[in-house]
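Peer 1: Test case, fold it:
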Amino acid sequence: MPSNSLELESTESDFLVGDVVCITEAWRPNTNNLYVFENAVGDTAQVSLFKSGISKTMAIAAGFCVSVRNIRQATVAELHANRRLTEAEHALAEVS
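Peer 2: Numbering: from 1, shown residues only. Predicted coordinates for the structure are as follows:
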């Protein structure tokens, strides 16, 4: 049974490697950047910068670790805009 509980712990995250995410905390390094979920250990997720035209190495170097509670899935509107949207922009995107 201990191996099962450890297995549940490691798969508890709602994110899959490669998911595009946004940082939800006010301390986020750049309010407009999107990030790629790389992996999670416990409550800590490693994210890399989501930006076209840069190498994977540079994307990872520009990434950081953050609590999984402080990230969320990027919306379709954010993926199209290639950046994190403000609440007002989200409201406009939902109406359009």
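
Peer 1: For the spatially most central residue of the chain, pull up the helix or strand it's in.
Peer 2: Nearest residue to the geometric centre of the chain (Cα atoms, centre = their mean): Val21, 2.5 Å. Assigned by DSSP states H and E, Val21 belongs to strand 20-23.

Peer 1: could you point out which element follows that strand?
Peer 2: strand 35-41.

Peer 1: can you pull the buried residues of the helix or strand just after that following strand?
Peer 2: As assigned by DSSP H and E, the chain's next helix or strand after strand 35-41 is strand 44-49. Neighbour-count burial for strand 44-49, with 16 or more other Cβ atoms under 10 Å as criterion, is recorded at 45-49. Quick note: C-beta positions are derived from backbone N, CA and C, even for glycine.

Peer 1: Closest to His90 out of those residues?
Peer 2: Val47 (20.5 Å; Cβ to Cβ).

Peer 1: how about the nearest residue to Val68, chain neighbours excluded?
Peer 2: Sequence neighbours aside, Ala45 is the residue nearest to Val68 in space, at 4.7 Å (criterion: Cβ to Cβ, 6 or more residues apart in numbering).

Peer 1: Does anything pack onto the strand holding Val21? Which helices or strands?
Peer 2: strand 35-41, strand 71-73, helix 76-81 (3 or more Cβ pairs under 8 Å, 6 or more residues apart in numbering; DSSP states H and E).

Peer 1: Run through who's touching the last one.
Peer 2: For helix 76-81, contacts defined as Cβ atoms under 8 Å, 6 or more residues apart in numbering pick out 20, 22, 34, 84-85, 89-90, 93.

Peer 1: run the last query once more with 10 Å
Peer 2: For helix 76-81, the external contacting residues (Cβ atoms under 10 Å, 6 or more residues apart in numbering) are 20-22, 32, 34, 50, 73-75, 84-85, 89-90, 92-94, 96.
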